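# Below are the sequence and a predicted model; questions follow.
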Amino acid sequence: MATTSLVAATPDSVLTEHQQAWNLLDAETWKNPALHGQAFKTAYSQLAISLDLTEQTEAFTLQKGTGSTLYDIEADTYLRLSDHSSVWGKASYMTGKSRNIKWNSVSDYELLEPYILADTMGGNTERERYVFEGGYAAKVGSILMGGEMLFRAEHEYRTIDPRMRAIVTDLTLRGGVAYETGTYLLGAAAEANIYKQTDNVTFYRETGVIPEFQMTGLGAIYVRFSGEVNNLYFNGGGAQLYLNVQPRNGQGLFTNITIGEHRYERIAASLNSLPLTKLYREEAKLQAGWRKSGKTDLAIYADAQYICRLGDENMVGSSQSNSYPILTTLTMYKNNIIDASMNMVYGRRQHSSWHIAMKVGYMQNHEKYLEPERKQNVSRIYSQLSAQHITGLGKKGTLTCALTGGYHKNLDSQLSIPVVNTETAAVMMLNHNFRYLKADYTIVNAQIRYDYGIGTSRYAMFGALNGGATFCSESEYEQHLAVKLGITF
Amino acid sequence: MKQILNICISILLTTVLTGCHQEQTDYHTVARVTLDIPDTINVIQIQGTLTLQSLNTTLNTSTADMSGNTFETTVLRGAYKVDVAGMVKYTGANGAIRTRHYRAHSDYKPFADIPLSKTELPIILLEE
């Protein structure tokens, strides 16, 4: 067990090891629990409460609302049980409010869209989220093994009409192995996910009832089952495979590959569990480059991600005794996303630790609904520069400062919708969202954190303040402020 | 290392190319609507317009192209509301030649079989 002081701002201090920006480079690698077991040499635990405020002057995406106020309490730990084994875990509870959500009556919009339930009125939603995560990894000879479980339960609801209520359970199990060769660590991991969401919308005022739309993509509505089919559930899940190649001594070529498929079925509970649509999400991710770590850190790598989302609609026949036959299934919605970037991270760890990260990338998002044809294409280039500095302040203090600046420039954008065959309100919604999709964005963010050791113990207190803004070329902006207080040990 | 990288990229490409969800792309069918004419009349000439409204998308497809008493048009596979309106010139039971408006309607007809989906609709002769 390491005995290093928790807050001493020396290059090998516990805090530096666990909080340095260099760790972001390994985020993909550590999804393999076998490799996460070798992530740190020291134990580190953190208990924190936080307040997170986000406010947009106008919703960039109507379905996500104009902002949120979230309170969170979180316990995080990473423990080395011995030289060969480690254990980690996390438990958190979040509660708060999201504001001015429209055209969305479900939770996890980004995961399930476009196959959601929606209405034109919307409003604020109350949110609660519980997260439990835990993992264990051990090394036997040249073989590393690990497993972890991630569980999320979420409850989102509204206390005035339209009263949406969504309850999400999301369970992920991962198992991984890695093999040490002379110079490299070769890893493989598999992940299985089970997802379920129950979702319903009710109205207490009979005179204020508005239709709930079954959305099918780019403003298209499954008219036949829209209106009063307000009781849904989403069954989903999938599998993911991770492959890793990492240099053992921290210097050399590295690769992380992720391949996965998930599917989410929308089922009308009130129509004898009639499946309406099914969304398939396929993902391939490649991260490859060269890295060197030590007193001087340097990494140059490419990141490429391809996401293919396909939506199948069931064409439903006439009901017989409330049982609906499915006439056929057609792939009506297609969405391809490509995101590729070149990255460089450079830093030094001597009396203090500092890192600079640069990223230049290209992203394109093509969406299509087959008939009547609807299209939305957006492509952009982006760049981001971030810096982090961890240094000692006094005998027992450590100061962490981070700055990030980014710019997203739209290259090309196109929206094509058959206005005659689309609800007028849906056309307005699409035009609103497209206005912000094709905009340019300037992003600035600053973070400051101060850790102070308590006596000679491993305990330390910390306070962190994070603030930022996103300026949109459409003369609107987003502000973000987060405050976090806690103890580490 | 280069060999390992090649293997990894090969696995990635193979999985992406072969593992994708099979798209259901048999989108269209030929919808054949045959008008069911009462036995009591002998049709001399018939004209009309067929309108199919998709129950899913509410999109309308229309055709006035008749062959005998049959319409054919290509539509997205699915469930439809069917409307036919037109005029028919016929010889009645008493031998008199008359020309009258007719209608045919169904709230629900499935057109899902490929390549051809067939249905029959009885016509209603409207009072003059």
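Cool, got the structure.
# starting at the chain centroid, how far to stretch A:324-333?
Mean C-alpha position of stretch A:324-333 versus that of the full chain (CA atoms, centre = their mean, to the nearest Å) differs by 31 Å.
# residues in contact with that stretch?
Stretch A:324-333 is contacted from outside by A:114-115, A:216-218, A:220, A:271-272, A:274-275, A:278-279, A:309-318, A:367-371, B:23-27, B:76-79, B:110, B:112, using CB atoms under 8 Å, 6 or more residues apart in numbering or on different chains. (Glycine included, C-beta is placed from N, CA and C.)
# Counting neighbours, which of the residues you listed end up buried?
For the contacts of stretch A:324-333, a burial check counting by 16 or more other CB atoms under 10 Å in any protein chain shown picks out A:114-115, A:216-218, A:220, A:271, A:274-275, A:278-279, A:309-317, A:367-371, B:27, B:76-79, B:110, B:112.
# Point to the residue nearest the middle of chain B.
By CA atoms, centre = their mean, chain B has its centre lying nearest to B:Ala31, at 2.8 Å.
# right, and that one touches B:Val75 too?
Yes: if you go by CB atoms under 8 Å, B:Ala31 and B:Val75 touch, sitting 4.9 Å apart.
# which residues do those two both contact?
B:Leu52, B:Phe111.
# hmm, back to that, taking the contacts of stretch A:324-333 one by one, which sit in strands?
Using DSSP state E, the members of these that fall in strands are A:216-217, A:220, A:274-275, A:278-279, A:309-316, A:367-369, B:76, B:78-79, B:110.
# Might one say that B:Leu50 is in contact with B:Lys81?
No: with contact defined as CB under 8 Å, B:Leu50 does not reach B:Lys81; the gap is 11.6 Å.
# near chain B, which residues of the stretch 301-450 of chain A?
Taking CB under 8 Å from any CB of the partner chain as the criterion, the stretch 301-450 of chain A approaches chain B at residues A:306, A:308, A:310, A:312-313, A:315-318, A:327-331, A:370-372, A:421.
# Please, which helix or strand holds A:Asn410?
Per DSSP states H and E: A:Asn410 is located in strand A:397-416.
# Now do whatever helix or strand comes next after that strand against strand A:397-416, angle only.
In the C-terminal direction, the helix or strand that comes right after strand A:397-416 (DSSP H and E) is helix A:424-437. Helix A:424-437 and strand A:397-416 are oriented at 130 degrees to each other (axes from the mean of the first three to the mean of the last three CA atoms, to 10 degrees).
# Show me which parts of helix A:424-437 are buried, residue by residue.
A:Ala426, A:Met429, A:Leu430, A:His432, A:Asn433, A:Phe434, A:Arg435, A:Tyr436, A:Leu437.
# Can you tell me which of those is nearest chain B?
If you rank those by distance to chain B using CB to the nearest CB, A:Ala426 comes first, at 12.3 Å.
# Might you report the residue contacts of the closest one?
A:Ala426 makes contacts with A:Phe213, A:Gly219, A:Ile221, as judged by CB under 8 Å, 6+ apart.
# try it again with 7 Å
Listed by CB atoms under 7 Å, 6 or more residues apart in numbering or on different chains, the contact partners of A:Ala426 are A:Gly219, A:Ile221.
# Excluding its own residues, what touches stretch A:282-289? List them.
A:28, A:254-261, A:299-308, B:12, B:16, B:20-21.
# I'd like to know how many residues surround residue 40.
Answering for chain A, as no chain was given. By the criterion of other CB atoms under 10 Å in any protein chain shown, A:Phe40 has 19 neighbours.
# not what I meant, chain B
As a burial measure, B:Thr40 scores 9 neighbours (other CB under 10 Å).
# All set now, cheers.
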